[in-house]
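Got a sequence here, can you build the structure:
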Amino acid sequence: MDHTEITRHFTRSDGTFLFARWGRPIVPIVFGVEDQTLSVIKGAFEAVVALTGHKMAETDPELGANCMVFFFREWEELLAVPDLDRLIPDLGSLVERLVAAGANQYRAFRFDKDGTIKAAFVFLRMDREMSEQPAETLALTQVVQVMLAWSDQAFSTRSPLALAGDATILRPEIAGLIRAAYDPVLPGAARDASHALRLFARMERAQ
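Numbers count the residues shown, from 1 in each chain. Below is the predicted model of the structure:
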C-alpha cells in the first residue's frame, strides 16, 4: 500500500481529507443480539484494539458507553429507541433517507476538541445480505470501520478482510495501516493529505 492508496482511504467523496483515531479508551455496548453473538463482537473489539496498542475501558466518564452498535430488522425501529434522537440529530429524516436508499448499515462519529474520535454509532439492518455473513466476519468488519474515521469510499469496492484457510482475517496492509495510525508519535487527527506520507513511513518502518 503506497501513500496514494493510503490517502484514498481517508479522502471523502467531496474531496476533503480527514484522518482521526480514538483519543480515549473505547467502551462498546451492543444492542439487539444474543449473548453468543455479543461475545463474538467483544472478541473482535479486543483483537483490533490489541493490534493498535490502544485501550478499552468499562466506562467512559463523560458518556458511559462511547461506541454503540445497534442490530435491528427495519430502520423505523430506531425511532422507538429512547433518547436516540438526542445522540443522532435529525434522526427522523436520516431514517427516511436510509430507507429510501435501501441501506443496510450506517455509521456516525462524534469528535473531541482535538479532532480525535469521541464516540461512534453503528447501525446494522439485518437484511438477507447481512444475515448471511458469519458472525465473526460481520463483527470484525464493523470494528475495523470504527477504529478510524475512514473515507465513505474506503471499502466500497474491497473488503478490509481476507480469507486465510478457513479463517477470516484482516488484510495485512489494512492491519498495518491501522497499527501505523495509532503510533503515539503521530497526531490523533489530521486534515492535510500529507498525513498519508507519515502513515506510509510508519508502515514501511514496521516491515
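
so who does residue 185 touch?
residue 202 (Cβ atoms under 8 Å, 6 or more residues apart in numbering). Bear in mind the C-beta positions are built from the backbone N, C-alpha and C, glycine included.

How about the secondary structure of it?
What DSSP: H, G, I helix; E, B strand; the rest coil gives for residue 185 is coil.

Tell me the spacing between it and residue 97.
40 Å (Cβ to Cβ, to the nearest Å).

cool, and residue 67?
23 Å.

Neighbour count for the two, which is higher?
Applying other Cβ atoms under 10 Å to residue 67 and residue 97 shows that residue 67 carries more neighbours, namely 23 against 13.

show me the contacts for that one.
26, 27, 28, 29, 45, 119, 120, 122, 146 are the contacts of residue 67 under Cβ under 8 Å, 6+ apart.

can we see that at 7 Å?
Residue 67 sits next to 26, 27, 28, 119, 120, 146 when contact means Cβ atoms under 7 Å, 6 or more residues apart in numbering.

Quick check: strands, which of the residues you listed are part of them?
Taking DSSP state E, the ones among the contacts of residue 67 that sit in strands are 28, 119, 120.

Can you tell me, leaving aside adjacent residues, what's nearest to the residue nearest the centre of the chain?
By Cα atoms, centre = their mean, the mean C-alpha position of the chain lies nearest to residue 146, the distance being 1.4 Å. Using Cβ to Cβ, 6 or more residues apart in numbering and skipping the chain neighbours, the partner closest in space to residue 146 is residue 120 (4.4 Å).

count of neighbours near that neighbour?
Other residues lying near residue 120 total 21 when counted by other Cβ under 10 Å.

Pretty sure it sits against residue 147.
No. Counting by Cβ atoms under 7 Å, residue 120 stays clear of residue 147, with 9.0 Å between them.

would you turn the contacts of residue 67 into CSV with pLDDT?
What follows is the contacts of residue 67, written out as CSV (pLDDT from 0 to 100):
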residue, pLDDT
26, 98
27, 97
28, 96
119, 97
120, 97
146, 97
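
quick one: which of those residues is nearest residue 55?
Closest approach between these and residue 55, by Cβ to Cβ: residue 26, at 7.4 Å.

Beta-bridge partners for the closest one, please?
Counting by DSSP bridges, residue 26 is bridged to residue 56.

what's the distance between it and residue 167?
Distance, residue 26 to residue 167, by Cβ to Cβ: 24 Å.

Flag the shaky bits of the protein, pLDDT-wise.
The model of the chain has pLDDT under 70 over residues 207.

What segments of it are helices?
Along the chain, counting by DSSP state H, helices occupy 3-9, 35-52, 84-87, 91-101, 128-131, 135-147, 172-181, 195-206.

among those helices, which is nearest residue 18?
Residue 18 sits nearest to helix 195-206 of all those, at 9.7 Å, using Cβ to Cβ.

Just the CA trace of the closest one, in CSV.
The C-alpha coordinates for helix 195-206 follow below in CSV (Å, rounded to 0.1, in the frame of the first residue of the first chain):
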residue,chain,number,x,y,z
HIS,A,195,-0.5,12.9,6.8
ALA,A,196,-0.7,9.9,4.5
LEU,A,197,3.0,10.2,3.9
ARG,A,198,3.6,9.9,7.6
LEU,A,199,1.4,6.9,7.8
PHE,A,200,3.2,5.3,4.9
ALA,A,201,6.6,6.0,6.6
ARG,A,202,5.4,4.2,9.8
MET,A,203,4.2,1.2,7.7
GLU,A,204,7.5,1.0,5.9
ARG,A,205,9.4,1.1,9.2
ALA,A,206,7.3,-1.7,10.7
